[in-house]
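J.: With the input below, show me the fold.
(one chain, ligands or ions: 3)
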Amino acid sequence: MDGKLLVTFNAGSSTVKIGLFALDAGADGLRPRRIGKGMIDFRRAPLRFELTEGPDHFDIELAAPAGEELDEVLSEAFSRLSWHFDLDALAAVGHRVVHGAGLFTAPVVIDAAALARIDSLTPLAPLHQPQALKLVRAIARLRPGLRQTASFDTAFHATNADLTRRFALPRALHDAGVRRYGFHGLSYAFIAGELTRRRPDVAAGRVVAAHLGSGASLCVMENGLSRDSSMSFSTLDGVPMATRCGALDPGALLYLLGQKGQGLPQVEDLLYHRSGLLGVSGISADSRDLLASDRAEAREALELFALRVAGEAARLATTAGGVDALVFTAGIGEHQPQMRAMICERLAWLGVRLDVEKNAANAFDIASADSQRGVFVLATDEEQVIAREAVAALAGAGSPSPEWNGPAP
Ligand SMILES: Nc1ncnc2c1ncn2[C@@H]1O[C@H](COP(=O)(O)OP(=O)(O)O)[C@@H](O)[C@H]1O
Ligand SMILES: CC(=O)OP(=O)(O)O
Ligand SMILES: [Mg+2]
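T.: Ligands and ions are numbered 1, 2, ... in the order given. Prediction:
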């Protein structure tokens, strides 16, 4: 690889987190070092691109014709970056792609065939997959020939046992791809690596990591390998999220679609956009607003979130035959001591105890001296994992797995 710079895009449900990396030569190959950080906010109209850290803080807001905003905003961003960097030295653009299903178990360099396969999974992640694809296509138009790579959220969970992946549905559906996949894998990969670096003794055990952001999930790892996760076939399962419902009785869906005569788009909008913290509180999807509110509905939404996160931690501990430590990460996990305390109180029966002061300070090790389980806070960095995986994919590692027989494109 000849380039010295790498751009990463982490397309979430509503924002895209951007990373700018320099590729340093190390003893074990090229190592990405972050030199810039930014964000594209799809919720804003006009679209906005912001570089918040790096050589130049800039903020681009463009009123472009509908449908052309992304190309225009990216083109402007590349032009601003070229003031400081030789963009001919750009090795690649690396993307987070949420769903790889059974099609991708390692990062890939995106070609036409990979793009078509990624697109075929859009129905499984309607909130996320289109955002990543939009970016891939826009970059291909703007800088034809520039290599692009994809890193998959689902790939980290490839180590889950077949039993754990199974829904209690007819076998043919499992074989056709209707099974648990798990998400937020780039975040869990980062957490596994960081915990190994800082506390190898803890990372070698059974660790339940809770990625609590706008999207939220939990994953149990043994020696850094995923064994089970709360999200499953889609990004709706598991714990309640900012606007997503988490696990729900499928009978409730049958009722809404059948007896109540609601249409599919209406139900999809309900589950993805109007549920979770927003739906239960009726106030806000942002946990900060709910913590600041004195309304009973706000408290109830947060209590439900804590109850369900703690419950899922206990379920995952069962998969691993026990749990040695908990790790909190992402927006809520990293920054909200009150939420961590509410969750840990519900796990007191497991011997989980917090040190009040360390928890309030968002310290790394927040367990009290008498806690029977470790409790840690780690800041996740999905972009760092995308960058490392891009380097690996460009070096020739990682290719699509051939044995998928899931939903047809
Ligand atoms: N600095 C912060 N202090 C307190 N809460 C935060 C902070 N940053 C994010 N959060 C909370 O985390 C949630 C969003 O998490 P984040 O990981 O940024 O989401 P995502 O990447 O999924 O969009 C929100 O509920 C927000 O209230
Ligand atoms: C998988 C998922 O829910 O991602 P995010 O938290 O970025 O929305
Ligand atoms: Mg996220």
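
J.: only C-alpha atoms for contact and neighbour calcs from this point on.
T.: OK.

J.: Ligand 2 contacts on the stretch 1-150 of the chain?
T.: 12-13, 98 (C-alpha under 6 Å from any ligand atom).

J.: What is the lowest-pLDDT residue among these?
T.: pLDDT across these is lowest for Ser13, at 76.

J.: Go ahead and confirm that one touches Ala125.
T.: No. Look at Ser13 against Ala125 with C-alpha atoms under 8 Å: they stay out of range, at 9.5 Å.

J.: quick one: which of these two has more around it?
T.: Comparing Ser13 with Ala125 by other C-alpha atoms under 10 Å, the one with more neighbours is Ser13, at 21 against 18.

J.: contacting residues for that one?
T.: 127-128, 131, 215 (C-alpha atoms under 8 Å, 6 or more residues apart in numbering).

J.: Can you give me every residue that contacts the residue of the stretch 101-250 of the chain at minimum distance from ligand 2?
T.: Of all residues in the stretch 101-250 of the chain, Gly215 sits closest to ligand 2, at 3.2 Å by C-alpha to the nearest ligand atom. Residues near Gly215 by C-alpha under 8 Å, 6+ apart: 13, 235, 241-242, 244.

J.: Could you rerun that using 7 Å?
T.: 241-242 (C-alpha atoms under 7 Å, 6 or more residues apart in numbering).

J.: Now do the residue positioned nearest the centre of the chain against Pro126, distance only.
T.: For the chain, His184 is the residue whose C-alpha lies nearest the centre (C-alpha atoms, centre = their mean; 3.4 Å). Separation of His184 from Pro126 (C-alpha to C-alpha, to the nearest Å): 16 Å.

J.: ok so, going back, switch the contacts of Ser13 over to JSON lines; also include pLDDT.
T.: Shown next, in JSON lines, are the contacts of Ser13 (pLDDT from 0 to 100):
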{"residue": "Leu127", "pLDDT": "81"}
{"residue": "His128", "pLDDT": "88"}
{"residue": "Gln131", "pLDDT": "88"}
{"residue": "Gly215", "pLDDT": "94"}
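
J.: low pLDDT regions in the chain?
T.: Along the chain, segments meeting pLDDT under 70 span 1-3, 42-68, 397-409.

J.: Please enumerate the strands of it.
T.: 5-11, 15-26, 29-41, 48-53, 58-61, 90-97, 108-109, 148-152, 206-212, 216-222, 225-229, 325-329, 374-377 (DSSP state E).

J.: how far off strand 5-11 does the longest one point, in degrees?
T.: This means strand 29-41. Per axes from the mean of the first three to the mean of the last three C-alpha atoms, to 10 degrees, the angle that strand 29-41 makes with strand 5-11 is 50 degrees.

J.: Is strand 29-41 in proximity to ligand 1?
T.: No. Strand 29-41 stays clear of ligand 1 (C-alpha under 6 Å from any ligand atom), getting no nearer than 10.0 Å.

J.: Same question for that strand: list its buried residues.
T.: 30-34, 36-41 (16 or more other C-alpha atoms under 10 Å).

J.: Does anything pack onto that strand? Which helices or strands?
T.: If contacts are counted by 3 or more C-alpha pairs under 7 Å, 6 or more residues apart in numbering; DSSP states H and E, strand 29-41 sits against strand 15-26, strand 48-53.

J.: ok now do whichever residue of the stretch 251-400 of the chain sits closest to ligand 1, which residues does it touch?
T.: With C-alpha to the nearest ligand atom, the shortest gap between the stretch 251-400 of the chain and ligand 1 falls at Gly331, namely 3.2 Å. Residues in contact with Gly331, defined by C-alpha under 7 Å, 6+ apart, are 212-213.

J.: Run through who's touching the longest helix belonging to the chain.
T.: Taking DSSP state H as the criterion, the chain has its longest helix at helix 296-320. Applying C-alpha under 7 Å, 6+ apart, the external contacts of helix 296-320 come out as 206, 208, 218, 220, 227-228, 230, 239-240, 277, 280-281, 283, 290, 323, 339, 342-343, 346-347.

J.: Among the residues you listed, name the ones in helices.
T.: 277, 280-281, 290, 339, 342-343.

J.: so what's whichever residue of the stretch 51-200 of the chain sits closest to ligand 1 up against?
T.: Residue nearest to ligand 1 within the stretch 51-200 of the chain (C-alpha to the nearest ligand atom): His184, separated by 9.5 Å. His184 makes contact with Asp153, according to C-alpha under 7 Å, 6+ apart.

J.: and the gap between it and Val108?
T.: 18 Å.

J.: hang on, the earlier thing: rebuild the residues of the stretch 1-150 of the chain next to ligand 2 as JSON lines, extending it with distance to His273.
T.: Formatted as JSON lines, those follow (distance: C-alpha to C-alpha, whole Å):
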{"residue": "Gly12", "distance to His273": "14"}
{"residue": "Ser13", "distance to His273": "10"}
{"residue": "Val98", "distance to His273": "18"}
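
J.: Many thanks, I have nothing further to ask.
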